[in-house]
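K.L.:
Sequence and predicted model, in that order:
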Amino acid sequence: MEINLACSKPAQHRSAIAFCCDDAYLPYAAHAAGQIAQLHPDREFDICIVSAEPVTLPASLDELNLRLCSFDPDLIFSGFSTDRGRSSAMYMRLMLPQIFADDYDRILYLDADVHVESGDLSRLHEAMVSAHIVHFIGPSKPWRARPETLPPRFGRGLRHFCAAHFPERRFDIPDGPGPGSKLMTKMLVRHLINRNKMARYLARFPDDYTVIT
């Protein structure tokens with residue numbers, strides 16, 4: 001299936017960090033992208049924001065030199081379950097290897113709502129020497145931290161960023177991470193209940209890429 005990919009500029013490097021989001025999550029992705037750009041002023045990778053509909057960043061963020069790309073995911077994910085909390089943008093990450101096959105040798109996907117503090121992300125691209133997908137979730141979780149051990153940097157930095165670059169939008173952003181919620185517990189239980197069903201479904205395919213083609 002041919003995918004019509006539209007981008008704001010051509011690729012500048014052979015590696016990329018990619019976010020997938022809709023317009024509602026654009027400020028969060030832009031905030032994370034800005035943190036990465038600040039940490040890597042002489043970066044050797046592109047920072048891409050991929051969306052279903054073309055999005056526009058304010059001129060105040062032009063210096064970040066982000067690559068905005070869009071394609072219609074409905075033709076590919078028309079049979080996937082979507083609702084108010086799960087748009088087709090949630091599945092777009094699955095298509096990154098295909099839509100960027102001619103542009104990049106290495107792609108690091110990040111969720112739009114991450115907080116980037118430090119680190120050399122170029123080293124991650126260098127570490128991915130095989131053709132296999134790398135997936136890492138660290139053992140340190142903010143919600144497991146002892147009370148008052150985390151400064152209120154998470155929400156405060158995002159709130160200041162949104163006020164400066166997206167003043168027309170209203171955000172209800174707390175200063176720090178909140179306590180565990182019943183909703184998260186419910187989602188965890190649902191994942192545990194359905195894990196065997198999903199494993200049987202995936203076992204029908206010879207590899208991960210066959211699932212999405």
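P.N.:
The structure has been received and is ready for your questions. Residues are numbered from 1 along each chain as shown.
K.L.:
Lowest-scoring secondary structure element of this protein by mean pLDDT?
P.N.:
Taking mean pLDDT, DSSP states H and E as the measure, the chain has helix 208-211 as its least confident helix or strand, at a mean of 65.
K.L.:
Just give me the neighbour total for Leu158.
P.N.:
21 (other Cβ atoms under 10 Å). Every residue, glycine included, has its C-beta placed from N, CA and C.
K.L.:
what do you get for Cys162?
P.N.:
Neighbours of Cys162 using other Cβ under 10 Å come to 18.
K.L.:
same deal with Cys48?
P.N.:
Cys48: 26 neighbours (other Cβ under 10 Å).
K.L.:
what secondary structure does it sit in?
P.N.:
With DSSP: H, G, I helix; E, B strand; the rest coil as the basis, Cys48 sits in strand.
K.L.:
Domain ranges for the protein, per the record?
P.N.:
Per automatic domain parsing, the domain ranges recorded for the chain read 6-136, 181-213.
K.L.:
Report the buried residues of the last one.
P.N.:
When burial is assessed from 16 or more other Cβ atoms under 10 Å, domain 181-213 yields no buried residues.
K.L.:
and that domain, how far out from the chain's middle?
P.N.:
19 Å (Cα atoms, centre = their mean, to the nearest Å).
K.L.:
Likewise for the longest one?
P.N.:
Between the mean C-alpha location of domain 6-136 and the chain-wide mean there is a distance of 6 Å, by Cα atoms, centre = their mean.
K.L.:
which of the domains of the chain sits most buried?
P.N.:
domain 6-136 (a mean of 16; mean count of other Cβ atoms under 10 Å).
K.L.:
where along this protein do the helices fall?
P.N.:
Ranges of helices within the chain are 26-39, 74-77, 96-99, 121-127, 153-165, 182-202, 208-211, based on DSSP state H.
K.L.:
Take these and lay them out in TSV including distance to Ile17.
P.N.:
Listed next are those as TSV, based on distance: least, Cβ to Cβ, whole Å:
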stretch	distance to Ile17
helix 26-39	6
helix 74-77	22
helix 96-99	11
helix 121-127	6
helix 153-165	18
helix 182-202	26
helix 208-211	21
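K.L.:
now this protein, which segments are flagged as low pLDDT?
P.N.:
1, 82-89, 129-154, 173-181, 183, 208-209, 211-213 (pLDDT under 70).
K.L.:
Compare the helices of the chain and give me the one nearest Pro58.
P.N.:
Taking Cβ to Cβ, helix 153-165 is the member of the helices of the chain nearest to Pro58, at 5.1 Å.
K.L.:
Apart from its neighbours in sequence, what residue is nearest the residue nearest the centre of the chain?
P.N.:
The residue lying closest to the centre of the chain (Cα atoms, centre = their mean) is Asp111, at 2.7 Å. Spatial nearest neighbour of Asp111, excluding adjacent residues (Cβ to Cβ, 6 or more residues apart in numbering): Phe19 at 7.6 Å.
K.L.:
What's opposite that neighbour in the beta bridge?
P.N.:
Ile49 (DSSP bridges).
K.L.:
distance of the residue nearest to Tyr91 when sequence neighbours are not counted from Glu168?
P.N.:
Nearest residue to Tyr91 in three dimensions, chain neighbours excluded: Phe77, at 4.7 Å (Cβ to Cβ, 6+ apart). To Glu168, Phe77 is 30 Å away according to Cβ to Cβ, to the nearest Å.
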